[in-house]
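Trainee: structure for this input, please:
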Amino acid sequence: MSDSLKTKATDGMLWSAIDRFLAQGSQVAFNVILARLLMPEDFGVIGMLSIFIVISQSFVDSGMGSGLIQKKNRTDKDFSTVFIFNTTISLFIYFILFFSAPIIANFFERQELVFLTRILGLNIIINSFAIVQRTILTINLDFKTFAKINTLSVIVSGIFAVALAYNDFGVWSLVIQNLLMASISVILFWSLSKWKLSLKFSFESFKQLFSYGSKLLIASLYANSLSEIYNASIGKVYNAQSLGFYTNAKKFSDSASFTITSVLQQVTFPILSSLQDDKERLISVYVRLIRITAFLIIPIMTLFALLADPLIRILLTDKWEAAIPLLQWLCIARIVTPISALNMNILNAVGRSDLFLKVDLSKLPIIIAALVITIPLGIKAIVIGSVVTSLLSFFINAYMPGKLFGYGAFKQLKDMKKIIIATLGMILLVFLTQKLVDQFLLKIMLGSFVGVSSYILFCSLMKMHEIKEIKSIFFSKIHSQLL
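Mentor: Now for the predicted structure:
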């Protein structure tokens, strides 16, 4: 990796990490407060609507933001074309959602969902106004601006949501939080972005970008549908309270795993795209990213699972006890998520969104089979089924990169051997220390200290290169900032 690209990658990774950890950390903090003030059912009601909001948002973006990032010679007309398309389709999608609200309410047998759907659905229109600005900042690797926007919008909306929850607004606290967060971020993106709307629409540009993005649209619809179908199934077969336990457990597991995943996807896609014509450098960067990702994500999610019981009891109180086993299993499922994301990301970076789609669709039979088998058995069985599908999906996602770049699942696992050994050692020591204390706070503090220190110790004893690389990136960045 050249010095200039390495500097951009390091800067981008650092600020994207700051963005994610500040924004996600603030979001988790507010979610903890809201979970203490509200009931599991309130979160479950919002969870019932998530599949419709997420799928609608996929249609609005249509993969054209990624198309702009991947395109080599972008023009102002390209950006304007995407903006006009995004905003127009958002109005059309919201129109459909508005008149489908009674059907959604009847499906879940909760009539309050009619009004909730129509209000929460406004987020689809609001978010469409900032897709181009987000894309431009991503292309420029300007994640410092992302950090400012996301953190501020999360904090302001969170404060309002807590105030509303404290005054017994119930589920509407969560609705207002979502709308306010989207509105603030859009205002800030327009204020801090240098792009100016020109209202130029090019059918040629649209055709080119949509040709690339349409495959990502199908993949996104498919992936989001399968992900959110868990919410719909639990909400329909069981009840809002059960769905509330699941959604909050999912939020906690996602707070760690998807924070790392989003940082990697956000930063690595434009970088890998810039290297698409230099296969040797592309593979070198890709391999290093897989190793560093595994080095971080495997111990983090494992430690999270080990400390799930005391964490839930202290942060959310005993009324959320039913979420503990769900969180533990979801943490295991999320271990491979960032690695799988990188394996899929490289296909998009080299312009093979067609392969991305084929790989994604090939996982459909496994996921559907797992859902059909586990839904009648209970929520815990559903979550365990997601662990199995996640692990199988890792091998499927790594197949095509292995074929194209010679770095498939088994080579990746071979490179993770020392990481897995160090993590197993950490599990043993953390498990033993948890038996020594009874107080939940001490379990968290002692478990965290023993887990982190033992993992670093085991990695150091095995002389793992990733430790030196992370130290080098971290300390060189501090040094450059001081100078």
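
Trainee: quick one: contacts for G44?
Mentor: 235, 239-245, 247 (C-beta atoms under 8 Å, 6 or more residues apart in numbering). No exception for glycine: its C-beta is placed from N, CA and C like everyone else's.

Trainee: okay, and it sits in which element?
Mentor: According to DSSP states H and E, G44 maps onto helix 40-61.

Trainee: I427 too?
Mentor: helix 417-434.

Trainee: same for that helix, what does it pack against?
Mentor: Secondary-structure packing of helix 417-434 (3 or more C-beta pairs under 8 Å, 6 or more residues apart in numbering; DSSP states H and E): helix 279-306, helix 440-461.

Trainee: among the contacts of G44, name the ones in helices.
Mentor: With DSSP state H as the criterion, helices contain 235, 240-245, 247 from among these.

Trainee: which member of the residues you listed is positioned nearest I298?
Mentor: T247 (25.0 Å; C-beta to C-beta).

Trainee: counting neighbours, what do you get for the closest one?
Mentor: 25 (other C-beta atoms under 10 Å).

Trainee: so what's it scoring on pLDDT?
Mentor: Note on T247: pLDDT of 87.

Trainee: related to what we said a few turns ago, which one of the ones in helices among the contacts of G44 is nearest Q412?
Mentor: Scanning the ones in helices among the contacts of G44 for proximity to Q412, where the rule is C-beta to C-beta, the winner is T247, at 31.1 Å.

Trainee: against E41, how distant is the closest one?
Mentor: Going from T247 to E41 by C-beta to C-beta, to the nearest Å gives 11 Å.

Trainee: what do you get for L315?
Mentor: Counting by C-beta to C-beta, the gap from L315 to E41 is 19 Å.

Trainee: kindly report the same for L34.
Mentor: From L34 to E41 the distance is 13 Å (C-beta to C-beta).

Trainee: neighbour-wise, which of the two wins?
Mentor: The neighbour comparison of L34 against E41 (other C-beta under 10 Å) goes to L34, with 22 against 16.

Trainee: ok, and what's touching stretch 243-252?
Mentor: 28, 31, 35, 39-44, 46-48, 50, 230-231, 234-235, 304, 308, 311-312, 316, 320, 322-324, 326-327, 330, 379, 383.

Trainee: got a winner among the ones in helices among the contacts of G44 for most neighbours?
Mentor: L243 leads these on contacts (other C-beta under 10 Å) with 29 neighbours.

Trainee: and the residue nearest to it when sequence neighbours are not counted, how far is that from D309?
Mentor: Among residues not flanking L243 along the chain, G44 sits closest, at 3.6 Å (C-beta to C-beta, 6 or more residues apart in numbering). From G44 across to D309, the span is 22 Å (C-beta to C-beta).

Trainee: equivalent analysis for V350, please.
Mentor: Taken as C-beta to C-beta, the span from V350 to D309 is 44 Å.

Trainee: try N178
Mentor: Applying C-beta to C-beta, the value for N178 to D309 is 30 Å.

Trainee: next, count neighbours for S191.
Mentor: Residues near S191, counting by other C-beta under 10 Å: 9.

Trainee: quick one: what helix or strand has it in it?
Mentor: helix 171-192.

Trainee: by contact count, what packs against that helix?
Mentor: helix 3-37, helix 40-61, helix 113-120, helix 122-128, helix 131-139, helix 143-166.

Trainee: kindly export it (C-alpha atoms) in CSV.
Mentor: The C-alpha trace of helix 171-192 is given here as CSV (Å, rounded to 0.1, in the frame of the first residue of the first chain):
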residue,chain,number,x,y,z
VAL,A,171,-43.7,4.2,22.0
TRP,A,172,-43.9,7.8,20.6
SER,A,173,-40.6,8.5,22.3
LEU,A,174,-39.0,6.1,19.9
VAL,A,175,-40.9,7.4,16.9
ILE,A,176,-39.9,11.1,17.6
GLN,A,177,-36.3,10.0,18.2
ASN,A,178,-36.1,8.4,14.8
LEU,A,179,-37.7,11.3,13.0
LEU,A,180,-35.6,13.9,14.8
MET,A,181,-32.3,12.1,14.2
ALA,A,182,-33.0,11.9,10.5
SER,A,183,-34.0,15.5,10.2
ILE,A,184,-31.0,16.9,12.1
SER,A,185,-28.6,14.8,10.1
VAL,A,186,-30.1,15.9,6.8
ILE,A,187,-29.8,19.6,7.8
LEU,A,188,-26.2,19.1,8.9
PHE,A,189,-25.3,17.2,5.7
TRP,A,190,-26.6,20.1,3.6
SER,A,191,-24.9,22.7,5.8
LEU,A,192,-21.5,21.0,5.8
